[in-house]
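# I'll drop the sequence and a predicted model, then ask my questions.
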Amino acid sequence: MSGELLAFFILSLIAIAGGVMMLNLTKVVHMVIALVFTFLAIAGLYVLLSAEFVAVVQVLIYSGAITIIMLFGIMLTRHDDRTEAKTGKGRQWLVLASVIAFFAIMFYGIRNLSLGEQATTLHVKNTEQIGMLLYSKFVIPFELVSIVLLVALVGAIILAKRDDKEKEGESQ
Amino acid sequence: MIDQMLAASPNLMNTFLFFTIAAAFLMVILGFVTYAILAERKVLGFMQMRVGPNRVGGRWGLLQTVADVLKLLIKEDTIPKLADRPLFILAPVLAFTPAFLVLVVIPFSENLKFADLGIGLLYYIAISGITTIGILTAGWASNNKYALLGGMRSAAQMISYEIPLVMSVIGVVLLTGSLNLNEIVAAQENWAFIFIQPVAFIIFLIASIAELNRTPFDLPEAESELVAGYHVEFSGFRWAFFMLAEYVYLFAMASLTTVLFLGGWQPIPFLGFIPGIVWFALKFILIVFIMIWIRGTLPRLRADQLMSFGWKVLLPLALANIFLTAIIKELINSF
């Protein structure tokens, strides 16, 4: 067994365990912390695939920014919320059946899948290559994405601003 | 030597060697933390016309921190009854582990480095963000309003100042053309980036002090209003871990500043016969001293001043700096 396989097993175990814990824990804050471990483990899997840049961005955006915003939102609002299991027997059987169906379809789909030859030069200057491609071949999608982000930013500002004005109007 | 080891094929012997080196490095860090705390107390003492610690370990109080740590070790480990127990136990670990992990990418001299990552700078910034989760978790798990307020403040502050921190460094990255910290140091052979990117250096220094939660940005643990902030319920060794994380980050941030702006191990002209590690140590100590100096000089900011300063002053300045750097680089390249 090679070290890479060992690392893959450990990381995927953490990722799956984090996911399962997120589904089964009752407190919302605990769920978010479990999710952090899943995100970190997935970043580790990216490293195994020679995608360091994607891995670091995964840690930066998902485990860093998004989780903290989620924790913030939860702690400042309904932080005592618990999920309660209220599913019936029939629904559970239905879920089991669909899980089995999903597994069967996926298994059938990937059984004869061949991934072709593995790329061997993925790790050579990959950050530079991502940058080059983003600004040459994929420049229009890249700019479109940034416009979407800009619109979201403006929307957030408008949502936050309107509240203030209404309050000022009330006080006058 | 380390270069060869990094390229060697993984086996048990190498794993053991790496483990030993990492453990030795941890000891060095612990030694630094011990004496950084003493130095901080001494320097602050002199600045405030006091003597500082002078009882334990001779005239200079050399064993004061050792005694303090010993006291922390034998202290009772308390967990509040209404605390969120699993998170309370997990929080110090989540806060400390990233502090030690970020040190992997910092090159201390030509030969003394632990990893040669192509994305070294981004790695540092990404991993250090996890500590915020640890602090937020600590504030939450304590089930105490002061702790929660401290945790919230810390998260808000760290997110706000991470952005100018990253933006200020982009100028350096543009000039180097690489995120690899080794290449950034190599690019400063003739001129350190503090002379080429002075604005970036000032923004970086301010933002790094805010990231470290040190005065004048120590709102998360403002003693006079929040008792002690997010670690108010922690005692004994768990509390020591938060303090340790804080000082290890001081080490890491001062090292990063040295590497990015002061030229790392590169010597001052005509003094090249002094080994690189000594240069690194000198520049590093200078940065640590400046941090202590600022702590002794400036009062704490208000929360709203902190936010508006970060978003309305530092961020536009950093963006303008990127813009100017890009234009100047293009102009120089075209002639």
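Perfect, thanks for sending it.

# secondary structure element for the closest residue to B:S178 other than its chain neighbours?
Counting by CB to CB, 6 or more residues apart in numbering or on different chains, B:S178 lies nearest to B:I184, which is 6.7 Å off, once chain neighbours are set aside. From N, CA and C alone the C-beta is placed, and that goes for glycine too. Using DSSP states H and E, B:I184 falls within helix B:181-186.

# next SSE downstream of that helix?
Next along the chain from helix B:181-186, counting by DSSP H and E, comes helix B:193-196.

# averaged pLDDT, that next one. What do you get?
Helix B:193-196 carries an average pLDDT of 83.

# I figured B:L87 hits A:V32, correct?
No. Counting by CB atoms under 8 Å, B:L87 stays clear of A:V32, with 10.4 Å between them.

# neighbour count winner among these two?
Set B:L87 next to A:V32 and count neighbours by other CB atoms under 10 Å in any protein chain shown: A:V32 wins out with 22 against 19.

# gap between the more buried one and B:G57?
45 Å (CB to CB, to the nearest Å).

# could you pull out the helices for the chain?
No chain in the question, so chain A it is. Counting by DSSP state H, residue ranges of the helices within chain A are A:3-24, A:28-48, A:52-58, A:67-76, A:89-111, A:126-135, A:139-171.

# switch to chain B, that's the one I care about
Under the criterion DSSP H, chain B carries helices at the ranges B:2-7, B:12-47, B:64-73, B:85-101, B:120-141, B:145-176, B:181-186, B:193-196, B:198-211, B:223-226, B:236-261, B:276-297, B:303-308, B:315-334.

# just send those helices back as JSON lines, with distance to B:L112 too.
Shown next, in JSON lines, are the helices of chain B (distance: least, CB to CB, whole Å):
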{"stretch": "helix B:2-7", "distance to B:L112": "7"}
{"stretch": "helix B:12-47", "distance to B:L112": "10"}
{"stretch": "helix B:64-73", "distance to B:L112": "25"}
{"stretch": "helix B:85-101", "distance to B:L112": "17"}
{"stretch": "helix B:120-141", "distance to B:L112": "15"}
{"stretch": "helix B:145-176", "distance to B:L112": "21"}
{"stretch": "helix B:181-186", "distance to B:L112": "12"}
{"stretch": "helix B:193-196", "distance to B:L112": "21"}
{"stretch": "helix B:198-211", "distance to B:L112": "23"}
{"stretch": "helix B:223-226", "distance to B:L112": "38"}
{"stretch": "helix B:236-261", "distance to B:L112": "12"}
{"stretch": "helix B:276-297", "distance to B:L112": "6"}
{"stretch": "helix B:303-308", "distance to B:L112": "37"}
{"stretch": "helix B:315-334", "distance to B:L112": "30"}
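
# buried deepest among the ones you listed, which one?
helix B:120-141 (a mean of 26; mean count of other CB atoms under 10 Å in any protein chain shown).

# check whether that helix contacts chain A.
Yes. Residues of helix B:120-141 are located near chain A by CB under 8 Å from any CB of the partner chain, namely B:122-123, B:125-127, B:129-130, B:132-133, B:136-137, B:140.

# for the stretch 201-335 of chain B, what lies in contact range of chain A?
Counting by CB under 8 Å from any CB, the stretch 201-335 of chain B has no residue next to chain A.

# so where is the stretch 201-335 of chain B shaky, pLDDT-wise?
Scanning the stretch 201-335 of chain B for pLDDT under 70 picks out the ranges B:220, B:222-224.
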